[in-house]
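Participant: Predicted structure and sequence below. I'll ask about it afterward.
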Amino acid sequence: MAEKLSEEERKSWMAELEHARQEHRDLDAAIEALLHRGAADQLQIQRLKKRKLALRDRVTFIEDMLTPDIIA
């Protein structure tokens, strides 16, 4: 699919990919901070982890969009 993307589309996907990766890193840091604080709200941590998993799926999807199909 990547070979069908225009340069503008590719730049847009790359920007979204970087944003999703940054948000994923930020969530990881937030989860770690809550866990180290001791009196962590388990529901909040669970929600952050769920969002982090969704972002990981989004990153994988975008990476697949940007990777050219290789016909074996």
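Facilitator: Ah, there it is. Residues are numbered from 1 along each chain as shown.
Participant: in what helix or strand does Leu43 lie?
Facilitator: Using DSSP states H and E, Leu43 sits in helix 42-66.
Participant: what is the mean pLDDT for that helix?
Facilitator: For helix 42-66, the mean per-residue pLDDT is 95.
Participant: So which elements touch that helix?
Facilitator: Applying 3 or more C-beta pairs under 8 Å, 6 or more residues apart in numbering; DSSP states H and E, one finds that helix 42-66 contacts helix 7-37. In this view, the C-beta of every residue, glycine as well, is placed from N, C-alpha and C.
Participant: could you give me the average pLDDT of the helix it packs on?
Facilitator: pLDDT averaged over helix 7-37 gives 95.
Participant: what about that helix, distance to the chain center?
Facilitator: From the chain centre to the centre of helix 7-37 is a distance of 5 Å (C-alpha atoms, centre = their mean, to the nearest Å).
Participant: Equivalent analysis for stretch 49-64, please.
Facilitator: A distance of 4 Å separates the centroid of the chain from that of stretch 49-64, by C-alpha atoms, centre = their mean.
Participant: May I see the buried residues of that stretch?
Facilitator: For stretch 49-64, burial by neighbour count (16 or more other C-beta atoms under 10 Å) applies to Lys52, Leu55, Arg58, Val59, Ile62.
Participant: ok, how many other residues are close to the residue nearest to the second one when sequence neighbours are not counted?
Facilitator: Counting by C-beta to C-beta, 6 or more residues apart in numbering, Leu55 lies nearest to His24, which is 4.5 Å off, once chain neighbours are set aside. One way to gauge burial is a neighbour count; for His24, by other C-beta atoms under 10 Å, it gives 18.
Participant: Good, wrapping up.
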